[in-house]
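1. coords please:
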Amino acid sequence: MASPALGDDNFHRTVVLVLEHGSDGAVGVVLNRPSHTQLEQIAAPLAPLAAAPGLVHVGGPVAPSAAICLGRMREGVEGPGASHLFGRVASVDLDVPAEELSELVDRIRLFAGYAGWGAGQLDAEMDQGAWFAVKRTDDDALCPEPTGLWRAVLRRQRRQSLAILASYPDDLSTN
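-> This next block holds a predicted model:
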């Protein structure tokens with residue numbers, strides 16, 4: 001998740017779920033940037049599965065026309081079309097028909113674009129204090145109140161130095 005000091009407007013107060021991290025770099029999606037586009041406007045068959053608030057999310061500044069879909073797997077169900085990531089969270093294959101997906105997942109969220117870092121870039125930014133690595137929960141990926149996720153994730157941290165940042169003002173001059 002982004003430190004309050006991170007100056008990049010693309011990532012100001014974002015919670016990023018890192019999907020891949022290796023020697024070639026890292027890829028993730030911003031979890032707390034809903035767009036104004038309803039999922040049903042661009043993928044009507046998937047609309048019944050849309051996690052509240054039913055909006056497509058801005059996954060990051062890279063490849064904004066690319067789509068990444070996350071979903072919550074149904075209890076005890078597995079199959080092609082949803083690749084387990086952690087807990088009940090899965091990467092969803094958008095080439096699978098919606099009726100088949102609904103047997104595997106009970107909610108989905110579509111992300112336009114993604115966040116990407118070159119080799120060593122994310123690690124260097126973390127060393128500089130731009131990002132915090134925090135524990136995720138299954139609910140983060142499909143949070144029904146995504147605009148409040150940054151503060152909520154900080155509040156639940158056991159390290160007081162992180163939890164206190166949840167009250168960090170948007171504008172330091174108002175403090």
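2. contacts and neighbour counts: CA atoms only from here.
-> Will do.
3. so how far is Gln128 from the residue nearest the centre of the chain?
-> Geometric centre of the chain, nearest residue: Leu31, 2.6 Å, by Cα atoms, centre = their mean. Distance, Leu31 to Gln128, using Cα to Cα, to the nearest Å: 22 Å.
4. Arg155 too?
-> For Arg155, the distance to Gln128 equals 22 Å [Cα to Cα].
5. please identify which of the two sits among more neighbours.
-> A count of neighbours by other Cα atoms under 10 Å puts Arg155 above the other of Arg155 and Gln128, at 17 against 10.
6. surely Val89 is in contact with Asp138?
-> Yes. Shown here, Val89 and Asp138 form a contact pair, counting by Cα atoms under 8 Å, at 6.1 Å.
7. ok, those two, which is more surrounded?
-> Neighbour tally, Val89 and Asp138, criterion other Cα under 10 Å: the higher count belongs to Val89, 24 against 15.
8. wait, what's in contact with that one?
-> By Cα atoms under 8 Å, 6 or more residues apart in numbering, Val89 lies in contact with Leu70, Gly71, Arg72, Met73, Asp138, Ala141.
9. who wins for neighbours among those?
-> Of all the contacts of Val89, Gly71 has the most neighbours under the rule other Cα under 10 Å, reaching 29 neighbours.
10. so is it in a helix, a strand, or just coil?
-> Following DSSP: H, G, I helix; E, B strand; the rest coil, Gly71 is assigned to strand.
11. and it, bridged to which residues?
-> Counting by DSSP bridges, Gly71 forms beta bridges with Ala90, Ile108.
12. what do you get for Leu55?
-> In this entry, Leu55 is beta-bridged to Gln38, by DSSP bridges.
13. give me the next element, helix or strand, following the helix or strand containing Ala115.
-> Ala115 belongs to strand 105-117 when elements are defined using DSSP states H and E. Of the helices and strands lying after strand 105-117 in sequence (DSSP H and E), the nearest is helix 121-127.
14. starting at the chain centroid, how far to that following helix?
-> Computed by Cα atoms, centre = their mean, to the nearest Å, the chain-centroid distance of helix 121-127 equals 19 Å.
15. let me see the contact set for Ala119.
-> Ala119 makes contact with Gly22, Ser23, Asp24, Gly25, Ala26, according to Cα under 8 Å, 6+ apart.
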